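K.L.:
Give me coordinates for this.
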Amino acid sequence: MHRMKKQSALLIVSAVILTVSGCSSLQQPVRKIDYYTLEYQPTSAGSPSPLPVSIQIDRFQVSPAYDANRMIYSEEPFKRDAYVYHKWRANPGDLVTYFLARDLRKSSRFASVFSLKSRLTASHILEGAVDEFYEHDGDDAWHAVLALDITLIKNKEPDISKRVIFQKQYRETQRCAQKHPRALAEAMSKAMGIISGKITNDIAHHLADTP
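P.N.:
Now for the predicted structure:
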């Protein structure tokens, strides 16, 4: 009998705790998640006549440390953390692939530029990887860190030694105007714009010199 009373008391206490916690959770508003993307103007056309080449851009692979849409930051070496309520609108691989394709197309330096999903056959294929895509938190300032690795391939080239036209890694850091994720998005946009312009120039240069 005593045991039954003890169990009943425990059930009552548990019910009260659940009711109180449920009421408190109802009173607390759900924290809104903020989403960010890259935003910058592509480089204007640098050549009056485009090169007679077509470029297919495959989706960029992403380093495991940054393969997520959560914003990643680093406060000390060998450590990476992620914001809970601040996220990229898309995975870094998708963001880089889209904006690089857009910039190459807008440059008007190539006959055509399209993504992997296109049914067209390209004369060249651009592959790449996002090696770094994060916020570096220093004592004085934050910086956006972006590093890309690309490979330009001549499609359907029978000679394997001539298939790869060039490989190169690009790395850019940009200071954040404020210590806030929105400032990270702005600084990352600047970094992407700079690297994209360099990639566009390098591709045009190598294709112009390659028979």
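K.L.:
how far away is residue 159 from residue 117?
P.N.:
28 Å (CB to CB, to the nearest Å). Heads up, the C-betas are built off the backbone N, CA and C, glycines and all.
K.L.:
pull the CA atoms of the helix or strand harbouring residue 54 into CSV?
P.N.:
Using DSSP states H and E, residue 54 sits within strand 51-57. Taking Å, rounded to 0.1, in the frame of the first residue of the first chain, the C-alpha atoms of strand 51-57 are listed here in CSV:
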residue,chain,number,x,y,z
LEU,A,51,36.6,32.0,-77.6
PRO,A,52,35.0,29.1,-79.6
VAL,A,53,34.8,26.8,-76.7
SER,A,54,32.0,25.4,-74.5
ILE,A,55,32.6,24.8,-70.8
GLN,A,56,30.7,22.4,-68.6
ILE,A,57,31.0,23.0,-64.8
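K.L.:
Check which residues of it are buried.
P.N.:
By 16 or more other CB atoms under 10 Å, the buried positions in strand 51-57 come out as 51, 53-57.
K.L.:
Would you tell me which one of these comes nearest to residue 113?
P.N.:
Nearest to residue 113, judged by CB to CB, of the buried residues of strand 51-57 is residue 55 at 4.9 Å.
K.L.:
ok, now which ones touch the closest one?
P.N.:
104, 110, 112-114, 122-126, 203 (CB atoms under 8 Å, 6 or more residues apart in numbering).
K.L.:
Among those, find me the one that's closest to residue 186.
P.N.:
residue 104 (22.7 Å).
K.L.:
Quick check, the closest one in contact with residue 202.
P.N.:
No. Contact between residue 104 and residue 202 fails when scored by CB atoms under 8 Å: they sit 11.3 Å apart.
K.L.:
Looking at the two, which one has more neighbours?
P.N.:
A direct count of neighbours by other CB atoms under 10 Å for residue 104 and residue 202 places residue 104 higher, at 24 against 15.
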